[in-house]
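In: kindly generate the corresponding structure for this input.
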Amino acid sequence: MMVRQLEEELRLRMRGPSVEMQQQMEVLYNENEHLTREIAILRDTIKELELRIETQKQTLQARDESIKKLLEMLQNKGMGKEEERIMFQQMQSMAQKQVLKNFLS
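Out: A predicted model of the protein is given here:
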């Protein structure tokens, strides 16, 4: 019997929804619109961040290749191990500074 009463009440409300119910529906509709816009903004932000990360990866790969080539050149010139280590540390430091600078910009 309870189910029939609820169904009847639902039918009555659907025919002529009260002002309160209409207001609640409008609030829900507005909130849904707001959330939909917010989701779109967040998706765009994620895409932008993914692009920046990919760019940073490519930059790091290019830097790694450059460092490897420089090390090979240094080894071919016969520099000592200590000089190589110092040069490598300097190159790493410069690369890290550049990556940090690119990331912050």
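
In: so which strand or helix has the spatially most central residue of the chain?
Out: With distances taken as Cα atoms, centre = their mean, the residue of the chain nearest its centroid is residue 46 (3.4 Å). Assigned by DSSP states H and E, residue 46 falls within helix 19-77.

In: surely residue 103 and residue 53 touch.
Out: No - using Cβ atoms under 8 Å, residue 103 makes no contact with residue 53, being 9.5 Å away. Glycine gets a C-beta too; all of them are placed from N, C-alpha and C.

In: low-confidence ranges in this structure?
Out: For the chain, the stretches with pLDDT under 70 are 1, 11, 13-17, 78-81, 105.

In: ok, back up a step: packing partners of the helix holding residue 46?
Out: With contacts defined as 3 or more Cβ pairs under 8 Å, 6 or more residues apart in numbering; DSSP states H and E, helix 19-77 has these neighbours: helix 81-104.

In: residues contacting the helix it packs on, please?
Out: Applying Cβ atoms under 8 Å, 6 or more residues apart in numbering, the external contacts of helix 81-104 come out as 52, 55, 56, 59, 60, 63, 67, 70, 71, 74, 75, 79.

In: right, I'll leave it there.
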